[in-house]
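Q: Structure here, sequence nowhere to be found:
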């Protein structure tokens, strides 16, 4: 009998956790090696703790064991991320790891989620974004200093570098990604870079604090068909409009491009116009990725 508070996995989930074929799960269950219960419909169910104990006994080197003693929180967080939910309990643990300087564990955790099917967009929207909001809130109330805030941010940027896995850089299409002048926080822009690379774009990444004039010139030099800029508070509506105005003045109709604007700094921006092929604003990375799917379908 399984306890109602235990984390319960299906045969398919158990196989994914143990990184073996589902037929092995069923065979071990039939042989009595792996304890399971049956639902009224006859389906096998396994408790997370039973699976972890079995993995240790059989010396199965599964990634989840590397997060002991927090395996349950990590697995529950994985399920929440897959459902488009913010894993609040796990976020509190990750913030504690950030404060304690456990960067290796954080990087392994983010890689674990990606390996188990959480998209880069979901990682940004439901995990890394909320985690950075928590870091920012701690800085605002004086819980952490500016140096500590920068250190924490860099840990997450290091995790994003670890996610890069493009096997061969394509020649077309080309996208330019940057943080506008005055913007030092690269996390959102880097996530956009990763999503574009997953979709086989060649990405010119300019990084933080790039003047709008330089963005415009680089776009023309490389003939990028997409320019993506990330605005994070304290940058806001006035900064967005000023950047658009400069880019509009530099725009060359013989070298057209779509302008993508994202980040919480764009929240108050509505009904903007310009000479660009298109201007699109996104508050969520998942929405950007959906647009990108549709964009590719039309190409």
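A: Arrived safely. Predicted, not measured: the structure shown is a model, and the values here were computed from it.
Q: use CA for all of it now, contacts and neighbours both
A: Will do.
Q: can you pull the buried residues of the longest helix seen in the chain?
A: In the chain, with assignment by DSSP state H, the single longest helix is helix 146-163. Within helix 146-163, the residues that qualify as buried by neighbour count (16 or more other CA atoms under 10 Å) are 149, 151, 152, 153, 154, 155, 156, 157, 159, 160, 163.
Q: List the neighbouring strands of the helix or strand following it plus their orientation.
A: Secondary structure here is assigned by DSSP states H and E; on that basis, the next helix or strand after helix 146-163 toward the C-terminus is strand 174-180. Strand 174-180 has the following sheet partners, assigned by DSSP bridges: strand 202-210 (parallel), strand 226-230 (parallel).
Q: what distance separates the longest helix of the chain from the middle of the whole chain?
A: Using CA atoms, centre = their mean, to the nearest Å, the mean C-alpha position of helix 146-163 is found 13 Å from that of the whole chain.
Q: Next, the residues that contact that helix from outside, please.
A: Around helix 146-163, the neighbours that count as contacts under CA atoms under 8 Å, 6 or more residues apart in numbering are 98-99, 103, 106-108, 110-111, 128, 132, 135-136, 139, 185-187, 190-191, 194.
Q: For the worst-scoring helix or strand of the chain on mean pLDDT, name the packing helices and strands.
A: Comparing every helix and strand of the chain by mean pLDDT, DSSP states H and E singles out helix 285-298 as the least confident one, with a mean of 85. With contacts defined as 3 or more CA pairs under 8 Å, 6 or more residues apart in numbering; DSSP states H and E, helix 285-298 has these neighbours: helix 120-123.
Q: What mean pLDDT does the helix it packs on get?
A: Within the predicted structure, the mean pLDDT of helix 120-123 is 95.
Q: Walk me through the domains of the chain.
A: If you go by automatic domain parsing, the domain ranges for the chain are 8-61, 71-163, 174-298.
Q: circling back: need the mean per-residue confidence for the longest helix of the chain.
A: Confidence for helix 146-163, expressed as mean pLDDT, is 87.
Q: so the residue lying closest to residue 278 once chain neighbours are set aside bridges to which residues?
A: Distances taken as CA to CA, 6 or more residues apart in numbering place residue 258 nearest to residue 278, at 4.7 Å, with adjacent residues excluded. Going by DSSP bridges, residue 258 is paired in beta bridges with residue 226, residue 278.
Q: List the ones among the contacts of helix 146-163 that fall in strands.
A: Within those, membership in strands is found for no residue, as judged by DSSP state E.
Q: May I see the ChimeraX selection of the buried members of those?
A: Buried residues within these, by 16+ other CA under 10 Å, are selected in ChimeraX with:
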select :98,99,103,106,107,108,110,111,128,132,135,136,139,185,186,187,190,191,194
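Q: mind listing which of the contacts of helix 146-163 are in helices?
A: Restricting the contacts of helix 146-163 to those inside helices, with DSSP H as the criterion, leaves 98-99, 103, 106-108, 110-111, 132, 135-136, 139, 187, 190-191, 194.
Q: my guess is residue 261 contacts residue 281, does it?
A: Yes: using CA atoms under 8 Å, residue 261 and residue 281 qualify as a contacting pair, with a distance of 4.7 Å.
Q: ok, now which residue in this protein is the farthest from the centroid?
A: residue 31 (40.6 Å; CA atoms, centre = their mean).
Q: so residue 272 is in which element?
A: With elements delineated by DSSP H and E, residue 272 resides in a region that no helix or strand encompasses.
Q: how many neighbours does residue 248 have?
A: Around residue 248 sit 15 other residues, with neighbours defined as other CA atoms under 10 Å.
Q: What separation is there between it and residue 134?
A: The span separating residue 248 from residue 134 equals 35 Å under the rule CA to CA, to the nearest Å.
Q: do residue 140 as well
A: The separation that residue 140 has from residue 134, given CA to CA, amounts to 10 Å.
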